[in-house]
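[1] Sequence plus the predicted model coming up.
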Amino acid sequence: MKHTFSLRIKPGLIGLLVVLSLVATACYSSAAAQNQASPSPVAGAGIVMVVDSSQFGQILATSDGKALYTNTVDKPDDLRCTNLACTSFWMPYTVDAAPGAVEGVPGALGTVSRPDGSLQLTYNQMPVYTFYLDKGSGDVQGEGFEDLGGTWHIVTLSGSSAGSDGSGTSVPGGGIHY
């Protein structure tokens, strides 16, 4: 006596399995892409340096020369740039510990705790960020962007923003909306 085994699979079941495998693959690919595309905060040793900008004179920059920015409405006790929609463009300059004084840099460096527990560098109590389009030393493509209800400005050596009158007030003039 010979036993035969026959597995009858209905066409609808095959279709359902195909759809489920496609959905699972899409979810995995989307999560993997999101993990790769999500920028992490720019980490530094808390060191800033002075970089010469042909447009703005001497500006503050990260240890690798990227310009540092502040937003006119971002405050140490009320960080506005905390979600991925913002930090994808404006990467918080985070540090491992409170920075000491840096020779040749006027003003006070400090830190503020971010919602994720990291320490973000501050300059004269203003949280500082880098801009995603600035690729190297001297790049200053983020100056004047308007977002979060305020305007992004490069931090100049004097401690005032490039687009401010020195009092922290934004000088009128076209910002760029994105």
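    Good, I have the coordinates.
[2] Break down this structure into its strands, ranges please.
    Assignment of strands within the chain using DSSP state E yields the ranges 42-44, 48-53, 57-62, 69-71, 90-95, 109-113, 119-123, 126-127, 129-131, 145-147, 150-154, 176-177.
[3] and the fifth one, what other elements does it pack with?
    Under the contact criterion of 3 or more CB pairs under 8 Å, 6 or more residues apart in numbering; DSSP states H and E, strand 90-95 touches strand 42-44, strand 119-123, strand 129-131. The way it works is simple: take the backbone N, C-alpha and C, and place the C-beta from them, glycine included.
[4] quick one: which of the strands of the chain is nearest Glu103?
    Closest approach to Glu103 among those is made by strand 48-53 (10.0 Å; CB to CB).
[5] related to what we said a few turns ago, would you mind putting the helices and strands packed on strand 90-95 into a markdown table with distance to Thr62 and mean pLDDT alongside?
    Listed next are these as a markdown table, based on distance: least, CB to CB, whole Å; pLDDT from 0 to 100:
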| stretch | distance to Thr62 | mean pLDDT |
| --- | --- | --- |
| strand 42-44 | 5 | 56 |
| strand 119-123 | 9 | 93 |
| strand 129-131 | 6 | 96 |
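[6] for the strands of the chain, which one sits closest to Leu79?
    That would be strand 126-127 among those, by CB to CB, at 6.1 Å.
[7] just checking, what packs against the closest one?
    Against strand 126-127 (3+ CB pairs under 8 Å, 6+ apart) you get no helix or strand.
[8] and it, which strands flank it?
    Within its sheet, strand 126-127 is paired with strand 119-123 (antiparallel), according to DSSP bridges.
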